[in-house]
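Chemist: I need the structure of the sequence given here:
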Amino acid sequence: MTKKIILSPDAPAPIGPYSQAVEVNNITYVQTLYVSGQIALSVFEAGGSIEEETNQVMLNLQHILTEAGYTFEHVVKCSIFVKDMGHFGQINEVYGRYFVENPPARETVEVARLPKDVRVEISCIAYK
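Modeler: Numbers count the residues shown, from 1 in each chain. Coordinates of the predicted model:
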């Protein structure tokens, strides 16, 4: 098994001791990419809407996927963490633009607090 750290200069740098993403190759040459939760701190701090914040999170994920040679079509699982489930509809609408066909498995969980007090964080797992 090999492990490769992925770092996209187009996505925000990690704010703690973690990698943006880690790709693992097993003995059958299957590649799996684990992408850490992404936030949109600059949009949140600028007072952007929940839609703008969610879109930036998805763009951050896209930058990391691209850096590793993946697309949203490779994503098999997402986890969405939200500060207020009242924003579920708006978040879901933006998220859905990135997964038009064959969307991945997913859960959405309301949490008490997110890093830097943002409103939404999304992580994913991709496979090829």
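
Chemist: All the helices of this protein, residue numbers only.
Modeler: 41-45, 50-67, 88-98 (DSSP state H).

Chemist: The first one packs against which elements?
Modeler: Judged by 3 or more Cβ pairs under 8 Å, 6 or more residues apart in numbering; DSSP states H and E, helix 41-45 is in contact with helix 50-67. (C-beta placed from N, C-alpha, C; glycine too.)

Chemist: Tell me the buried residues in the helix it packs on?
Modeler: 50, 52-65, 67 (16 or more other Cβ atoms under 10 Å).

Chemist: quick one: which of those is nearest to Ile15?
Modeler: Nearest to Ile15 among the buried residues of helix 50-67: Asn60, at 12.4 Å, using Cβ to Cβ.

Chemist: Of the helices of the chain, which is nearest Arg113?
Modeler: Closest approach to Arg113 among these (Cβ to Cβ): helix 41-45, 13.1 Å.

Chemist: Show me which residues of the closest one are buried.
Modeler: If you call a residue buried by 16+ other Cβ under 10 Å, then helix 41-45 has these buried ones: Leu41, Val43, Phe44.

Chemist: again, but for stretch 18-29
Modeler: For stretch 18-29, burial by neighbour count (16+ other Cβ under 10 Å) applies to Ser19, Gln20, Ala21, Val22, Glu23.

Chemist: With stretch 93-111 instead?
Modeler: Neighbour-count burial for stretch 93-111 flags Val94, Tyr95, Tyr98, Pro104, Arg106, Thr108 (criterion: 16+ other Cβ under 10 Å).
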